[in-house]
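Novice: Task: produce atomic coordinates for the following.
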Amino acid sequence: GDSSEESNQLQTSLNPDNLRIMIASDCHLGYLGNDEERGTDSFAAFEEVLLAAKQKKVDFVLLAGDLFHESKPSTSCLNKCMLILRKYCMGNEPIHVQIVGDQASCFPKDFCWSNFYDSNYNVGLAVYSIHGNHDKPSEHFIQPNQNGGSGACSL
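Specialist: Prediction:
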């Protein structure tokens, strides 16, 4: 498309009354991790999602299931994921989303608020993740909250 047209569309959509959410699902990080030809495909696609989110100036990213291909990803897979998240999510950009209500009812016990509210972090892009059927957390990792759900995860 025409770059001036895209710029005008972006300016129009940056109205502070609009909520801009990028939704991605089925990233399956770590899929074919040992394959020399396709082993990095899932990470490249995940990085494209976060790059597009930054370029489009979204308010937050929702990872709607199956971020990882396995419920217990390898250390290498976790490290690659964290490097990508740090590259695109840490920064000084203001977070315009506000979470109202009791966050502890949504987030697990030890992480009972969104990380951009934590003064120890410098989050420039909010990312939320819910599990899918491939990366469903075990009851040993995330304890159910008071409502019985395993909660959401603020990355």
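
Novice: give me the element residue 86 is part of.
Specialist: Element membership for residue 86 (DSSP states H and E) is helix 75-89.

Novice: Which neighbouring elements make contact with that helix?
Specialist: With contacts taken as 3 or more Cβ pairs under 8 Å, 6 or more residues apart in numbering; DSSP states H and E, helix 75-89 sits against helix 41-55, strand 126-130. Quick note: C-beta positions are derived from backbone N, CA and C, even for glycine.

Novice: Can you say which of those is nearest to residue 103?
Specialist: If you check each of the helices and strands packed on helix 75-89 against residue 103 by Cβ to Cβ, strand 126-130 wins as the nearest, at 11.5 Å.

Novice: in the closest one, what's buried?
Specialist: When burial is assessed from 16 or more other Cβ atoms under 10 Å, strand 126-130 yields the following buried residues: 126, 127, 128, 129, 130.

Novice: so it versus helix 75-89, what angle?
Specialist: Inter-element angle recorded for strand 126-130 and helix 75-89: 140 degrees (by axes from the mean of the first three to the mean of the last three Cα atoms, to 10 degrees).

Novice: Work out the gap between strand 126-130 and the centre of the chain.
Specialist: 4 Å (Cα atoms, centre = their mean, to the nearest Å).

Novice: looking at the helices and strands packed on helix 75-89, which has the lowest confidence?
Specialist: Set side by side, these give their lowest mean pLDDT on strand 126-130, at a mean of 84.

Novice: Give me the average confidence score over stretch 64-83.
Specialist: If you average the pLDDT over stretch 64-83, you get 88.

Novice: distance between the ends of that stretch?
Specialist: Between the opening and closing residues of stretch 64-83 we find a distance of 20 Å, counting by Cα to Cα, to the nearest Å.
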